[in-house]
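In: Sharing a model that was predicted from the sequence below.
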Amino acid sequence: MKQENNGELTSFLFENLENYPVYSRVISRKGGFSTIPFATLNLGGTVGDDPGHLARNKDRVWSSYGLDAGKVFDAWQVHGNDVIYAKVGRNIDDPHQKADILITDVIGLTLLMRFADCVPLVIYDPLHHAMGIAHAGWQGTVLNVAGSLIHAMSSTFGSKPETLIAGIGPAICLEHYQVGKEVFEKFCDLPGVDSANTYDNSRNQYFIDLKKINSSQLIQAGVVQIENSNICTACDADHWFSHRRDKGRTGRFGAFIQLREK
């Protein structure tokens, strides 16, 4: 990924999407109005942040990236694999629908999701000019959110997996994502993830690599053009919120994707 400074804000972009009519950024935690422990650009509305700070943060994001607030669609992320085909922006007064996968082929509509260790996945279909974004924590990864995203693109737009352009955004790394044995075992029977799991016999501890597993699942779904950020949210407190590092008391950074005219 390539770092980009935009006024007060810092974001990261997928280089494999730069030459396509699609606008996507993963926005760091820098440049907002929230205070500790949500400092500073928190976009999560369910973490306990001051609503006034959250509103100012959103306004700064919309203005800094030229996004129309009325054409932004977001969802209530619940660690599942449900899909929403978004066609219009979510009215600010409307309740969020529950989903962890959003897709659209509407030009100018922005799909937005929030993260703090879970894996951001973005997809662009250059043949059908359609796109998607997904949120993959460990529960979603067990449910194969990546594969569900590709299936949704194929069934809705006729997308061919081999022509899709995929990006895997900043998420917690293997070394920082220790899990219990019961969680680890949920991954053991999943195809193609053996090399993405490690077990430390000397300390009787279990670790999983969510980015690598999601990459494997995209490959299994037929995707060949994948850019992995290789950025760890827990390692870099300057740029990223991390639920694990901050012991659950932290904000959420945003990732968005928007179709542009060809």
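Out: Right, received. Where do you want to start?

In: Residue 207 contacts residue 179, correct?
Out: Yes - counting by Cβ atoms under 8 Å, residue 207 touches residue 179, with 7.0 Å between them. Every C-beta, even on glycine, is put in place using the N, C-alpha and C of the backbone.

In: And stretch 166-180, end to end?
Out: Chord length of stretch 166-180, first to last residue, is 30 Å (Cα to Cα, to the nearest Å).

In: residues of it that come out buried?
Out: 166-174, 177, 179 (16 or more other Cβ atoms under 10 Å).

In: what's the spacing between it and its chain's center?
Out: Averaging C-alpha positions (Cα atoms, centre = their mean, to the nearest Å) puts stretch 166-180 12 Å from its chain's average.

In: ok, now stretch 178-193?
Out: Put simply, stretch 178-193 sits 21 Å off its chain's centre (Cα atoms, centre = their mean).

In: burial count for the closest residue to residue 225 other than its chain neighbours?
Out: Nearest non-adjacent residue to residue 225, counting by Cβ to Cβ, 6 or more residues apart in numbering: residue 165, 5.0 Å away. Residues lying near residue 165 (other Cβ atoms under 10 Å) number 22.

In: Please state the backbone phi and psi of residue 165?
Out: The phi/psi pair for residue 165 (degrees, to the nearest 10) reads phi -110, psi 120.

In: Give me the pLDDT value at it.
Out: Here, the pLDDT recorded for residue 165 equals 98.

In: go on, residue 249?
Out: pLDDT, residue 249: 97.

In: hang on, it packs against residue 36?
Out: No - with contact defined as Cβ under 8 Å, residue 249 does not count as touching residue 36 (9.5 Å).

In: what are the pairing partners of the helix-or-strand element of the chain with minimal mean pLDDT, and which direction each?
Out: When each helix and strand of the chain is scored by mean pLDDT, DSSP states H and E, strand 197-200 comes last, with a mean of 79. Counting by DSSP bridges, the strands paired with strand 197-200 are strand 205-208 (antiparallel).

In: hmm, back to that, which ones among the buried residues of stretch 166-180 lie within strands?
Out: Among the buried residues of stretch 166-180, the members falling in strands (DSSP state E) are 166-168, 179.

In: what stretches of the protein score poorly on pLDDT?
Out: Filtered on pLDDT under 70, the chain yields the residue ranges 195-196.
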